[in-house]
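Engineer: Provide a 3D model corresponding to the input given below.
(2 chains)
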Amino acid sequence: DGGITQSPKYLFRKEGQNVTLSCEQNLNHDAMYWYRQDPGQGLRLIYYSQIVNDFQKGDIAEGYSVSREKKESFPLTVTSAQKNPTAFYLCASSMGSSYNEQFFGPGTRLTVL
Amino acid sequence: AQSVTQPDIHITVSEGASLELRCNYSYGATPYLFWYVQSPGQGLQLLLKYFSGDTLVQGIKGFEAEFKRSQSSFNLRKPSVHWSDAAEYFCAVALSGGSYIPTFGRGTSLIVHP
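Structural biologist: Reported below is the predicted structural model:
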């Protein structure tokens, strides 16, 4: 089955530690995205990538980093510079045109202890 | 700048009642419009989308939405709500001919009473 997967489902991190969230898709989509979701704030774009080896900052990129070495993979690293990292993180992919919908993974809930 | 407004943070309906969730956008050109649903702790799933043609769009799970250019709206409707429809609903808008990155509304939480 084609789809988009995220791992782990739940992640706990101590303050000061970097942590990497995994996102993989087998839909052959060109574009991939990372969103952060907080209660009552909808989805906020962190980073997005249109092609391999290229990515752009979204609205809230500070304290995050990404890589796009393979078309199917777009990992997100939450660094210690992110002041309030506890949130629900969603990865998505799409064909990359305006009329193409996004396909979302199941999400990763990150909690900083 | 483009924006999407979902005026209702929460909506409560009784099972079997009709439903309408509002979505308004501000753009100069005709946008591409989407409605997504999110169950608790899950990712988003596409309900329906509009990009041209008939302004009344049918989606999955018995949902429909109507694009009204004069009102800059794309409201989601369902004639009879089921308890399993309780979820968060997001409207999203993308520009035609411009950046394909969609802008999401803040979401409307649907509560269904038995």
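Engineer: When you work out contacts or count neighbours from here on, use the C-alpha atoms and nothing else.
Structural biologist: Noted.
Engineer: remind me which residues of chain A are low pLDDT?
Structural biologist: A:1, A:98 (pLDDT under 70).
Engineer: how about the strands of it, start to end?
Structural biologist: Along chain A, counting by DSSP state E, strands occupy A:4-7, A:10-13, A:19-25, A:31-37, A:43-51, A:54-57, A:64-66, A:76-78, A:87-94, A:103-104, A:108-112.
Engineer: out of those, which comes closest to residue B:73?
Structural biologist: With C-alpha to C-alpha as the criterion, residue B:73 lies closest to strand A:43-51 of the strands of chain A, at 19.9 Å.
Engineer: So which bits of chain B are right by chain A?
Structural biologist: With the criterion set to C-alpha under 8 Å from any C-alpha of the partner chain, chain B comes near chain A through B:9, B:32, B:34, B:41-46, B:49, B:51, B:90, B:94-102, B:104-107.
Engineer: now the end-to-end length of stretch B:82-89.
Structural biologist: Length of stretch B:82-89, first residue to last, C-alpha to C-alpha, to the nearest Å: 15 Å.
Engineer: tell me how far that stretch is from the chain's mean position?
Structural biologist: Distance of stretch B:82-89 from the chain centroid (C-alpha atoms, centre = their mean, to the nearest Å) equals 13 Å.
Engineer: contacting residues around the residue positioned nearest the centre of chain A?
Structural biologist: Against the mean C-alpha coordinate of chain A, by C-alpha atoms, centre = their mean, the closest residue is residue A:34 at 2.9 Å. Residue A:34 makes contact with A:45-48, A:76, A:89-92 under the criterion C-alpha atoms under 8 Å, 6 or more residues apart in numbering or on different chains.
Engineer: Could you do residue A:35 as well?
Structural biologist: Residues counted as contacts of residue A:35 (C-alpha under 8 Å, 6+ apart) are A:43-47, A:89-92.
Engineer: need the contact list for the closest residue to residue B:101 other than its chain neighbours.
Structural biologist: Distances taken as C-alpha to C-alpha, 6 or more residues apart in numbering or on different chains put residue B:94 closest to residue B:101, at 6.2 Å, once the chain neighbours are dropped. For residue B:94, the contacting residues are A:98-99, B:31-33, B:100-103, by C-alpha under 8 Å, 6+ apart.
Engineer: which one of these is nearest residue B:2?
Structural biologist: Among these, and counting by C-alpha to C-alpha, the member closest to residue B:2 is residue B:103, at 7.5 Å.
Engineer: Report pLDDT for residue B:75.
Structural biologist: On pLDDT, residue B:75 comes in at 98.
Engineer: Tell me how many other residues crowd residue A:41.
Structural biologist: Neighbours of residue A:41 under the rule other C-alpha atoms under 10 Å in any protein chain shown: 12.
Engineer: Residue B:108 is in contact with that one, correct?
Structural biologist: No - if you go by C-alpha atoms under 8 Å, residue A:41 and residue B:108 don't touch, sitting 10.7 Å apart.
Engineer: dump the residue contacts of residue A:97.
Structural biologist: residue B:100 are the contacts of residue A:97 under C-alpha under 8 Å, 6+ apart.
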